[in-house]
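[1] Here's a sequence, model it:
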Amino acid sequence: MTERQTSAGSIAVQIATLLAVTLVAIAGTVWWMNSRQAARPLVPLTTSPLSTSAPTPAPARAPPDAKPAGSARKDLSAKAPEAVPAGADVPPALEDLITRVMPAVITNQTSAGRGSGFFVAPDTVITNVHVVGTDSTVTIRRPNGTTTMARVQATSPAYDIAVLKVFSVVSNQTVLELGTAASVRLGEEVIAIGTPLGFLQNTVSRGIVSGLRDVGGATLVQTDAAINPGNSGGPLLNRSGAVIGIIKSGYVGNNGLSFAVAIDHARAVLAGRADAPRASTGSTEYQALSPAVTSPADQSRIDATRAYEDAIGQLSRRADELDEQWKSFVPQCYQGRIVGAFDRPWFALWDTRAMQGVVASSCVPYFDELRRRATDIQRAVGAADEAARKADIYPGTRRDVLRKYRLDYLIK
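    A predicted model of the protein is given here:
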């Protein structure tokens, strides 16, 4: 063997040895990695890569000192919040409550302005005496804009409560439940609904009960709910939707200090009883809110009403003079009977069945003059009433003025 051959063989042996060592090292590394991986439990992938939910982990082994599964659940349930007992009185959501009661609250339009009120029966509305004033009938406006007339059925000036009977009854009219102020708690949340300023119909405000006061023998619920002129007569509700008071008054010069007559006082008025106030030991400095801050239209109507009454008053004085002249005319110049009863005796001139006699021939000119003056008064009353109608003076107001001066017969 030559020296070159010996050198080539040595190199081949070295290469073979190096490859063998490398293979052994690789094999050892693979074995070590496999042994480390085997110590970790495998987590199967149960969701797709696009899923937003987390993979479901394999059940974990409980440590030797872990509590049984049942006891672990018992500990968790002990920390859970208490469930509301079945049948507990849970107030409705505020927006649901307001939606439910809103159709029962109305606006009163009177000769003095506008106030609020609410239905307690399909034909019965409660409001304040100072809202209706001296009117015998009022116009009520429902939240849907429809109007109807109502008459003042009963009043309790001592408690400032008035009961109205509606002429046009809606069978499915929403009515409010009457609660009691006896159960009211200080800090309790309350809701006021009404028509502040006379035109913001069915405005809602809320506050708390600030106190219960004895004023003038009446129980008043004091609240900081936003109350303004025009809210008078509206309901003060608790969070269950029951009426606990009739909004009545504010303390002059102080916002956020308002009062409602306890609804308990209204029960006697609804039952037709005159519920006299008991002796009071409280202050009497609470001033009633005006029905409304009058709008321009309302102010125009008020001015027209005053002018109308002044005109009818002047005509009444002319009618009084004619009364005296008629008393002298009948015994001296009229022969026969006058049938019927009239507020003023000369109204018989317009009833063809009333004067069943004759006028003496010498008194015919006098009779003609009386008839002319009576006709002038009749025409003037008719013209004044027509002007009042065009000025949007309410029919009930015009009728009351004419009755007051005994001239309503002339526009029949």
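[2] Name the residue closest to the centre of this structure, please.
    Ile193 (3.2 Å; CA atoms, centre = their mean).
[3] quick one: average confidence on the helix or strand harbouring Ser116?
    Element membership of Ser116 [criterion: DSSP states H and E] is strand 113-121. Taken as a whole, strand 113-121 carries a mean pLDDT of 90.
[4] now for the helix or strand following that strand, which elements pack on it?
    Note on strand 113-121: by DSSP H and E, the next helix or strand toward the C-terminus is strand 124-127. If contacts are counted by 3 or more CB pairs under 8 Å, 6 or more residues apart in numbering; DSSP states H and E, strand 124-127 sits against strand 105-110, strand 113-121, strand 161-166, helix 264-270. Heads up, the C-betas are built off the backbone N, CA and C, glycines and all.
[5] The same query, at a cut-off of 10 Å, please.
    The contact analysis (3 or more CB pairs under 10 Å, 6 or more residues apart in numbering; DSSP states H and E) places strand 124-127 against strand 105-110, strand 113-121, strand 137-141, strand 147-156, strand 161-166, strand 243-250, helix 264-270.
[6] Can you tell me which of the ones you listed has the worst average pLDDT?
    Set side by side, the helices and strands packed on strand 124-127 differ in mean pLDDT, and strand 243-250 is lowest with a mean of 84.
[7] Helix or strand next in line after that one, which one?
    strand 258-262.
[8] And Val204, how close does it get to Met355?
    Separation of Val204 from Met355 (CB to CB, to the nearest Å): 63 Å.
[9] whoops, Thr180 was the one
    To Met355, Thr180 is 63 Å away according to CB to CB.
[10] higher neighbour count, these two?
    Using other CB atoms under 10 Å, the more surrounded residue of Thr180 and Met355 is Met355, with 17 against 14.
[11] List the contacts of that one.
    Val330, Tyr334, Gly336, Arg337, Ile338, Val339, Gly340, Ala348, Leu349 (CB atoms under 10 Å, 6 or more residues apart in numbering).
[12] Then Val120?
    Applying CB under 10 Å, 6+ apart, we find Val120 in contact with Ala104, Ile126, Val163, Val175, Leu176, Glu177, Leu178, Pro235, Val243, Ile263, Ala266, Leu270.
[13] now swap in Leu349 and tell me
    Trp326, Phe342, Met355, Phe367, Leu370, Arg371, Ala374, Thr375, Gln378.
[14] Can you pull the phi/psi pair for it?
    Backbone torsions of Leu349, given as degrees, to the nearest 10, read phi -60, psi -30.
[15] which residues of the stretch 301-412 of the chain fall in helices?
    For the stretch 301-412 of the chain, the helices defined by DSSP state H, counting those that start in this stretch occupy 364-390, 395-404.
[16] Please identify the most buried of those.
    Across these, averaging neighbours per residue (mean count of other CB atoms under 10 Å) puts helix 395-404 on top, at a mean of 18.
[17] Alpha carbons of that helix, as CSV, please.
    Written as CSV, here are the backbone C-alpha positions of helix 395-404 (Å, rounded to 0.1, in the frame of the first residue of the first chain):
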residue,chain,number,x,y,z
PRO,A,395,-119.5,80.4,26.2
GLY,A,396,-119.8,79.6,29.9
THR,A,397,-118.2,82.9,30.8
ARG,A,398,-120.5,84.9,28.6
ARG,A,399,-123.5,83.0,30.0
ASP,A,400,-122.5,83.6,33.6
VAL,A,401,-122.1,87.4,32.9
LEU,A,402,-125.5,87.6,31.3
ARG,A,403,-127.1,85.7,34.2
LYS,A,404,-125.4,88.0,36.7
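[18] Name the surrounding residues that touch that helix.
    110-111, 134-139, 149, 151, 301, 304-305, 308-309, 311-313, 315-316, 343, 381, 384-386, 388-389, 391, 393-394, 407-412.
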